[in-house]
Structure formats: C-alpha cells, structure tokens
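> Need coordinates for the below:
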Amino acid sequence: MYAEALKALEDWKNEHSEEKLDDLPFYMVGEVYNYSIHNGLNYTYDGDTAINFFEEGFKSMINFSLKWEVVQKPLDEVYSNYSKILNEGELKEKSVLNYLSSHDDGQPFDANRDNVFNTANYLLLAPGAAQIYYGDETARKLNAQANGDATLRSFMNWDELENNIDRKDYRIQEIQKHWQKLGQFRNNHPAIGAGVHQKLNDMPYTFARTYSDSSYTDKVVVVMDSGSNSIDVKNIFSEGEEIRNFYTGETAVVKHQALTFKKAGRIMLLEVIP
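Okay, here's the model as predicted:
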C-alpha cells in the first residue's frame, strides 16, 4: 500500500508542479488500537502474533498510552523514556502520534476539562508528533449526554469561545491562547518533538530539548512552573546569549549560566533570539 501511495503522490506532483506544496515523499501514519510506543516495532495482537507495521511502510503509529502515563508516572519519566525510544531505541528515525482525547476513545484525559492547561502542556511538549482533537484548544467538554462515541463528538463550542465564557478557573479564550502559544513554539522548534530530552531541574520542573542534523541545530528550554524567576541554563545556552521567553515575549541575557525574568506566565518557553 505504501509503495502505491508513494508512487501516486510522486506522479501527482510531477503533473501539478504549480500546485504542489513541496517535494516531500508520502508519509503514512497507522492506527492499531491500543498500540503503545513501548511496543516498539512489534505489536502483539493475541499474545503470540507480532506484526511490524513499520516494515509495511508506516512511518509513525498512533500512541494510545500517553493519556495513562501522564497520570500514572512522573512527567519527566514519561518524556525521558519517549525521547530514548525515539532517539536511541527501536523507533529511531521513526515516530509516534500522541493524543490525549480522540473521536472514539471513551476514556480521554480530562473529559470534564478541569485540567486544561496541563492537557496542552502534556501533549504539545511530548516527544513525538501531536494529534489535537477538535475542541481541545477551547476546552470543549467530552461528557455530553449521548450514547457511545457521540459523547466525544459534541458540537464545537463556538459560542463559548466568542463570549469568552468563565469556567470558574479559566476563560475559554485564555485556554485557546495557551494552546496557540504552545503550538506556535512547537512549530518553530523541531527540538520539541524530535529532539533529545534532558532534565535540568526538579523544582521547578525544567528540561531542555536539543536537535541537530547535518545542516540544522535547535535548542530550547521549558520551565513547567513559572514561579521561579531565575533559571539555570548551564550547558544549554551560552554566556551572553540573548534568550526570549516565547510565552510572554520577555527577553533576558545569560549571566553566570542563568537567566532572570520578571514577567509571570503559566509556563516558560525559552528560545535563542536569532
């Protein structure tokens, strides 16, 4: 199937040179229910029959386990394990597609939308690719009065977004802007999804992601709790380097291997200013 799809896309691009977006080859993602990144290359259906879907042309598989792991394990354990599997383990040069809610998973993370900011953080900062389900970014509730999967497929909450409804602990436009900031930062920095993860500090939880290939390097630092103003960035950013907190727009210069910021935010997303 992959070979046929690859050839079909190549033919279409050759015939539509003015309309094609790029020259990248066909990229195929597979869904095998309950596959986990920890299954690696081989997924066992019935206890003894293992199938390597990557050999069949799939470049990535949907990962069903992130929603459980961010609840059951320390976050750095999750991120560190994912990074090792994708950068050093069986799935090197392959990927997974993470999600926390979907159209047919009856046990989504945070169905009541009580933990909305961490939903965005956990998903968009996880190593691998990210699947955003419609309404994740506007805290559309996943507990509608309906039967079966229809519970997960309620109308998009456009009215709540337009009217900036107050959900007690947050407003809808506030959570949308949070998703937008994280999404833009992730889009700007391949290191988030494809880089090597390195924990820098426990309190506040701080980590770096670094990515490099033959022609490109990228490095970022993320502070999950913005309660601390001074951040140790030793061995990541260079002395005298100007750094921006993408979340607030504030800039600072590395002095004595540390950064100091004044503006508060829900998270720090630190990047080198080009």
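> For residue 121, give me the pLDDT.
We have a pLDDT of 98 for residue 121.
> nope, residue 226 is what I meant
In this model, residue 226 is scored at 69, pLDDT.
> try residue 143
pLDDT for residue 143: 86.
> sec struct for the closest residue to residue 217 other than its chain neighbours, please.
Nearest residue to residue 217, sequence neighbours excluded (C-beta to C-beta, 6 or more residues apart in numbering): residue 211, at 6.9 Å. All C-beta atoms are positioned from the backbone trio N, CA, C, and that covers glycine. The local conformation at residue 211, judged by DSSP: H, G, I helix; E, B strand; the rest coil, is strand.
> hey, where'd the helices end up in the stretch 151-274 of the chain?
158-163, 172-188, 190-194 (DSSP state H, counting those that start in this stretch).
> want to throw those helices into JSON lines with mean neighbour count, distance to residue 144 and mean pLDDT?
Output for those, formatted as JSON lines (neighbours: other C-beta atoms under 10 Å; distance: least, C-beta to C-beta, whole Å; pLDDT from 0 to 100):
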{"stretch": "helix 158-163", "mean neighbour count": "14", "distance to residue 144": "14", "mean pLDDT": "98"}
{"stretch": "helix 172-188", "mean neighbour count": "17", "distance to residue 144": "17", "mean pLDDT": "98"}
{"stretch": "helix 190-194", "mean neighbour count": "20", "distance to residue 144": "31", "mean pLDDT": "98"}
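> For residue 2, which of the ones you listed is the nearest?
Taking C-beta to C-beta, helix 190-194 is the member of these nearest to residue 2, at 21.3 Å.
> Output the contacting helices and strands for the closest one.
The elements that helix 190-194 packs onto, with contact taken as 3 or more C-beta pairs under 8 Å, 6 or more residues apart in numbering; DSSP states H and E, are helix 172-188, strand 206-212, strand 217-223.
> mind running it again at 6 Å?
Packed against helix 190-194, as judged by 3 or more C-beta pairs under 6 Å, 6 or more residues apart in numbering; DSSP states H and E, are the following elements: strand 206-212, strand 217-223.
> which one of those strands is the most hemmed in?
Among these, the stretch with the highest mean neighbour count (mean count of other C-beta atoms under 10 Å) is strand 217-223, at a mean of 21.
> where are the low-confidence patches of the protein?
Low-confidence segments of the chain (pLDDT under 70): 226.
> Let me see the contact set for residue 140.
Each residue near residue 140 by C-beta atoms under 6 Å, 6 or more residues apart in numbering is listed here: residue 157.
> would it count as being in a strand?
No: per three-state DSSP, residue 140 lies outside any strand segment and is coil.
> What's the separation between it and residue 148?
Computed as C-beta to C-beta, to the nearest Å, the residue 140 to residue 148 distance reads 18 Å.
> do the same with residue 81
With C-beta to C-beta as the criterion, residue 81 and residue 148 are 33 Å apart.
> These two: who's more crowded?
Counted by other C-beta atoms under 10 Å, residue 81 and residue 148 do not tie: residue 81 has more neighbours, with 17 against 9.
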